[in-house]
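Engineer: Give me a model of this one.
(chains A and B, ligands or ions: 2)
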Amino acid sequence: MSALPVAPPAASVETEPGPLAVARTVASRIATTCLVELQKLRHDRTELVTRAIQPALWLLVFGQVFTRIRAIPTGSTPYLDFLAPGILAQSALFIAIFYGIQIIWERDAGVLAKLLVTPTPRIALVGAKAFAAGVRAVAQAVVVLVLALVLGVHLATNPLKIILLVVALLLGSAFFCCLSITIAGLVLSRDRLMGIGQAITMPLFFASNALYPVQLMPGWLQVINHVNPLSYEVDALRGLLVGTSARLLLDFGVLLASAAVMIAVASALLPRLARG
Amino acid sequence: MTPALRCVGLRQKFGDTVAVDGLDLEVERGEVFGLLGPNGAGKTTTIRMITTLLPAPPGAIQVMGRDVARQRTAVRRLIGYVPQQLSADGTLTGRENVALFARLYDVPRAARAAQVAAVLDAMDLTEVADRPSKTYSGGMVRRLELAQALVSAPQLLILDEPTVGLDPVARDGVWDRIASIRAATGMTVLVTTHAMQEADEHCERVALMHRGRIRAQGSPGELKDALGPDATLDDVFRHHTGNALTGDNENGGMRDVRAARRTARRVG
Ligand SMILES: Nc1ncnc2c1ncn2[C@@H]1O[C@H](COP(=O)(O)OP(=O)(O)O)[C@@H](O)[C@H]1O
Ligand SMILES: [Mg+2]
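Structural biologist: Ligands and ions are numbered 1, 2, ... in the order given. Predicted structure coming up:
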């Protein structure tokens, strides 16, 4: 038997970590989770493909048909170009919402307990999950974007815009991932979460500007659209990718603030999830 | 020297259920200590309090002299924990599973790869280390979890029902590893089980737990001798609780049955 690591005589840190140490741990845990997420993707590449089927159908069927019949007025932008960023945001949304279901599974399987027993602040665990959702969303986005290119969508290739696109996807995914973890922390059971998840993802999607311009919506829907972070994500993605006029500053401000608030809320509910 | 673990008057309620009801416990440094009791006795709840998963009031629990309520992060660094369920990530390889915990415990980068390899080797998993852990047998997953818990070189290793759901050979394998870990590192091991026979064979000291309380404590030999020449630990348990090992708290039983089913499903 090779030598097992033996502990130093005393624990190296005796006092509770201050804000600086917590920040360092958050960064380190995010890096770790990111790595693990990529490892998982490498082991299971089929998931990238199966998860691409739904966005592919939206682009191929819905996008092509509505481009041809010109039912949705999108000005000088072809409807398919208008739609592609919306589908990108949708696929990221579906991935992120899945994380709440995953965390309940992790609770039932003992994985969450093991993670919570490590010297990791709750906020680092949740932040890492949020970032992991973003990493998955970006990986998925590559697939969707390649598909969009094949279908002849004119996409921006400016590196700065691509970086901003990644940031928008990370922030949006962080928000929806933590929303889903928050609901998981409230309902505590997988069945109830599945029900609620289905009951909110589709409305979030349809009550956004993903499929049609805001101007076409009835007044009440426009109101919902204005408080729906998905709309800001779509607006940013669309502005960056196909060059429609977008309020980028507002979009990023809303995405950043809502992600931060949701991470805090989800972290506060994590102990409840572990206790249940 | 302070004991490895000291619990004083632990209590935990879930709604109307009193899961832990004034539990006192002391585990000496370097021993393999068994917390014994039927399903629903409150073993897992006790473990969850010690591991900071459930809140405990200041002064109630000390690990290596550090208060669990006040020095939570320090205590977490001292503990290695293997929960009752088989909880490795099936999509990751064995090595990736262990490396993840090395990172989560801030094992320095320079030492990481060697430390991961060492614990995998100690648990006889080197040959399968680069296979996804979903291809492992139940016994191998348990050993992988031991490796995960050991990679941070903890001082107190806490195992919740480590042999539940395993076949006899795998069970012996786990107990053998626990013994060799202790021999190699002098680590303190706290293990729960409802299998009296296993505890009798493998623990130096045991505490018998029933309905949230410790009913008897000592080495298996002492406890049995006090009762008579041919007594088993089962007899000792019945003597102190007036109960057979089966048919304790039905609720606890159900929770465990569900957990065991899930485990069985994962193990295939
Ligand atoms: N999260 C929980 N919510 C409600 N009741 C619980 C919870 N965890 C444990 N219990 C109850 O507490 C008692 C002790 O359970 P547990 O600590 O799991 O026992 P053991 O591990 O010895 O089988 C049981 O009656 C069980 O049903
Ligand atoms: Mg238990």
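Engineer: Looking at the stretch 51-200 of chain B, what residue ends up closest to ligand 2?
Structural biologist: Taking Cβ to the ion, ligand 2 has its nearest neighbour within the stretch 51-200 of chain B at residue B:84, 5.2 Å off. In this view, the C-beta of every residue, glycine as well, is placed from N, C-alpha and C.
Engineer: That residue: helix or strand, and which one exactly?
Structural biologist: Secondary-structure assignment from DSSP states H and E places residue B:84 in no helical or strand segment.
Engineer: In space, what's closest to residue 130 - neighbours in sequence excluded?
Structural biologist: No chain specified, so I'll use chain A. Across the structure, with Cβ to Cβ, 6 or more residues apart in numbering or on different chains as the measure, the residue nearest residue A:130 apart from its sequence neighbours is residue A:174 (3.7 Å).
Engineer: wrong one, chain B
Structural biologist: If you skip the residues right next to it in sequence, residue B:130 has residue B:93 as its closest partner in space, 5.1 Å away by Cβ to Cβ, 6+ apart.
Engineer: Tell me the pLDDT of the one you found.
Structural biologist: Confidence per residue is given as pLDDT, and for residue B:93 that number is 97.
Engineer: which stretches of chain B have low pLDDT?
Structural biologist: Residues of chain B meeting the criterion pLDDT under 70: B:243-268.
Engineer: let's go with 80 and repeat that
Structural biologist: Low-confidence segments of chain B (pLDDT under 80): B:242-268.
Engineer: How about the residues of it by ligand 2?
Structural biologist: Proximity of chain B to ligand 2 is assessed by Cβ under 5 Å from the ion, with B:43-44 identified as the residues in range.
Engineer: contact partners of stretch A:54-67?
Structural biologist: Contact partners of stretch A:54-67, identified using Cβ atoms under 8 Å, 6 or more residues apart in numbering or on different chains, comprise A:72, A:78-80, A:83-84, A:87-88, A:90-91, A:94, A:140, A:144, A:147-148, A:151, A:211.
Engineer: how far away is the residue nearest to residue A:130 from ligand 2?
Structural biologist: Relative to ligand 2, residue A:174 is positioned 35 Å away (criterion: Cβ to the ion, to the nearest Å).
Engineer: give me the element that residue is part of.
Structural biologist: helix A:159-187.
Engineer: quick one: that helix to chain centroid distance?
Structural biologist: From the chain centre to the centre of helix A:159-187 is a distance of 3 Å (Cα atoms, centre = their mean, to the nearest Å).
Engineer: which residues touch the residue nearest to residue B:130?
Structural biologist: Counting by Cβ under 8 Å, 6+ apart, residue B:93 makes contact with A:43, B:129-133.
Engineer: From these, which land in helices?
Structural biologist: Counting by DSSP state H, the members of the contacts of residue B:93 that fall within helices are residue A:43.
Engineer: The contacts of residue B:93: which two are farthest apart?
Structural biologist: Maximum pairwise distance among the contacts of residue B:93 (Cβ to Cβ): 14.3 Å, between A:43 and B:129.
Engineer: More neighbours: those two, which one.
Structural biologist: A side-by-side neighbour count of residue A:43 and residue B:129, using other Cβ atoms under 10 Å in any protein chain shown, places residue B:129 first with 20 against 16.
Engineer: and the more buried one, how far is that from ligand 1?
Structural biologist: Here the distance between residue B:129 and ligand 1 works out to 31 Å (Cβ to the nearest ligand atom, to the nearest Å).
Engineer: which ones are touching that residue?
Structural biologist: Contact analysis of residue B:129 by Cβ under 8 Å, 6+ apart lists B:93-95, B:117, B:120.
Engineer: Redo those residues as a markdown table? Include secondary structure.
Structural biologist: As requested, the contacts of residue B:129 are arranged in a markdown table below (DSSP: H, G, I helix; E, B strand; the rest coil):
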| residue | secondary structure |
| --- | --- |
| B:93 | strand |
| B:94 | helix |
| B:95 | helix |
| B:117 | helix |
| B:120 | helix |
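Engineer: and the residues you listed, which two are the farthest apart?
Structural biologist: Using Cβ to Cβ, the pair of those lying farthest apart is B:93 and B:117, separated by 12.9 Å.
Engineer: Next secondary structure after the helix or strand of chain A with the lowest mean pLDDT?
Structural biologist: Averaged element by element with mean pLDDT, DSSP states H and E, chain A has its least confident helix or strand at helix A:64-69 (a mean of 83). Scanning the chain past helix A:64-69 towards its C-terminal end, the next helix or strand to appear is helix A:79-108 (assignment: DSSP H and E).
Engineer: Remind me what that following helix packs against, helices and strands.
Structural biologist: Helix A:79-108 is packed against helix A:46-57, helix A:64-69, helix A:111-117, helix A:122-150, helix A:159-187, helix A:190-206, helix A:229-242, helix A:248-275, with contacts defined by 3 or more Cβ pairs under 8 Å, 6 or more residues apart in numbering or on different chains; DSSP states H and E.
Engineer: neighbours of the residue in the stretch 51-200 of chain A that ligand 1 sits nearest to, just the number please.
Structural biologist: Taking Cβ to the nearest ligand atom as the measure, the stretch 51-200 of chain A has residue A:188 as its residue closest to ligand 1, at 9.7 Å. For residue A:188, the tally of surrounding residues (other Cβ under 10 Å) stands at 16.
Engineer: if I look at it, how far off is ligand 2?
Structural biologist: The spacing between residue A:188 and ligand 2, counted by Cβ to the ion, is 19 Å.
Engineer: I figured that residue hits residue A:273, correct?
Structural biologist: Yes - in this structure residue A:188 lies within contact range of residue A:273 using Cβ atoms under 8 Å: 6.8 Å.
Engineer: what do the two both touch?
Structural biologist: Looking at what touches both residue A:188 and residue A:273 (by Cβ under 8 Å, 6+ apart), the common residues are residue A:104.
Engineer: who touches the residue most central in space within chain B in this structure?
Structural biologist: Nearest to the geometric centre of chain B sits residue B:159, at 1.6 Å (Cα atoms, centre = their mean). If you count contacts by Cβ under 8 Å, 6+ apart, residue B:159 has them with B:82, B:146, B:149, B:178, B:189-192.
Engineer: who's in contact with the residue of the stretch 51-200 of chain A found nearest ligand 2?
Structural biologist: With Cβ to the ion, the shortest gap between the stretch 51-200 of chain A and ligand 2 falls at residue A:110, namely 11.0 Å. Taking Cβ under 8 Å, 6+ apart as the criterion, residue A:110 is in contact with B:83-87.
Engineer: Check which helix or strand the residue nearest to the centre of chain B maps to.
Structural biologist: Counting by DSSP H and E, the element that carries residue B:159 is strand B:156-160.
Engineer: Quick one: neighbours of residue B:134, just the number.
Structural biologist: Look at residue B:134: counted by other Cβ under 10 Å, it has 15 neighbours.
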